[in-house]
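Undergrad: generate a structure from the sequence data that follows.
(one chain, ligands or ions: 1)
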Amino acid sequence: MELNIYHLYPEHLNLYGDLGNVNCLKRRCLERGIEVNVVNFTDDEKPDLNDGDIFFIGGGSDRAQQLVYKDFLQYKDVLKELIEEGRAVLAVCGGYQLLGTSFIDKQGNNIPGLSILDYESKYTGDKRIIGNIIIETTLNLEPNKLVGFENHGARTYSKYQPLGNVLVGRGNNDDDMKEGIVYKNYIGTYLHGPVLPKNPHLADHLILQALRNKYGDVESLEPLDDEIENKAYEKFIKLYGK
Ligand code: GLN
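TA: From the prediction side, this is the model:
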């Protein structure tokens, strides 16, 4: 089996080591004998999105989001269709905000979102949300918590299934104690870390969904030796959990 991992705009959206998410997916595939092609989709390189099996878009500054919006506008309908078809997508923070309908920046400017899904993000005048975060995920994962850190000024308001309910931290906004969104195999989240090395069970979830979407009946993934990852995960919960 083979998976094409598309990294969208690594030159603009790669805050806090979000590239580590792509490296994590690649290694967890290769260690299982799954061939992997990491494909960069950038200002200058536009490989065919239809060949992507997993898409990753990372975090970035408000300005970076504006640059990516302008360049990706002509491709947004293709990604929207692929999400409807069930392709796996992980969008972190700025990338997550960008796929929504609108993004109101700190100065009140409306940086249009790509409107790939119907949710909005806006600065509310409150201080940035910065800190460690633990959520109880709505996905059927074992363990059922996801850990990371968040650093965003804008708040996101959504009616979709959340990725999780906030146990520690703030999440999407200051009101509903929800974090992220899940729509088919699209996951939007504020969890940096990078989120996948911190939560190998979420990485495997994305890999499994991508394999099932491409090859049909893939029962499960063979387990990997995650002793170090699991120790780090448990330490995080012990240190920051309530
Ligand atoms: N620029 C966005 C904000 O501050 C996203 C930041 C990020 O990607 N960490 O809300």
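Undergrad: list the residues that contact residue 154.
TA: Contact analysis of residue 154 by Cβ atoms under 8 Å, 6 or more residues apart in numbering lists 97, 103-105, 121-123. Bear in mind the C-beta positions are built from the backbone N, C-alpha and C, glycine included.
Undergrad: need the residues of the protein near the ligand, please.
TA: Residues of the chain found near the ligand (Cβ under 6 Å from any ligand atom) are 15, 59-62, 93-94, 97, 151-154.
Undergrad: which parts of the least confident helix or strand in the chain by mean pLDDT are buried?
TA: Here the helix or strand of the chain ranked lowest by mean pLDDT, DSSP states H and E is strand 110-112, holding a mean of 85. Buried positions in strand 110-112, judged by neighbour count with 16 or more other Cβ atoms under 10 Å: residue 111.
Undergrad: what does that strand contact?
TA: Contacts for strand 110-112 (Cβ under 8 Å, 6+ apart): 62, 65-66, 69, 101-105.
Undergrad: tell me the confidence at the spatially closest residue to residue 154 that is not a sequence neighbour?
TA: Closest residue to residue 154 apart from its sequence neighbours, by Cβ to Cβ, 6 or more residues apart in numbering: residue 121 at 4.4 Å. pLDDT recorded at residue 121 is 97.
Undergrad: that older thread, pairing partners for the helix or strand just after the least confident helix or strand of the chain, with directions?
TA: For strand 110-112, the following helix or strand on the C-terminal side (DSSP states H and E) is strand 120-122. With DSSP bridges as the test, strand 120-122 is paired with strand 102-104 (parallel), strand 155-157 (antiparallel).
Undergrad: so of those strands, which one's packed in deepest?
TA: Comparing the strands paired with strand 120-122 by mean neighbour count (mean count of other Cβ atoms under 10 Å), strand 155-157 ranks first with a mean of 20.
Undergrad: how far does that strand sit from its chain's centre?
TA: Here strand 155-157 shows a centroid-to-chain-centroid distance of 15 Å under the convention Cα atoms, centre = their mean, to the nearest Å.
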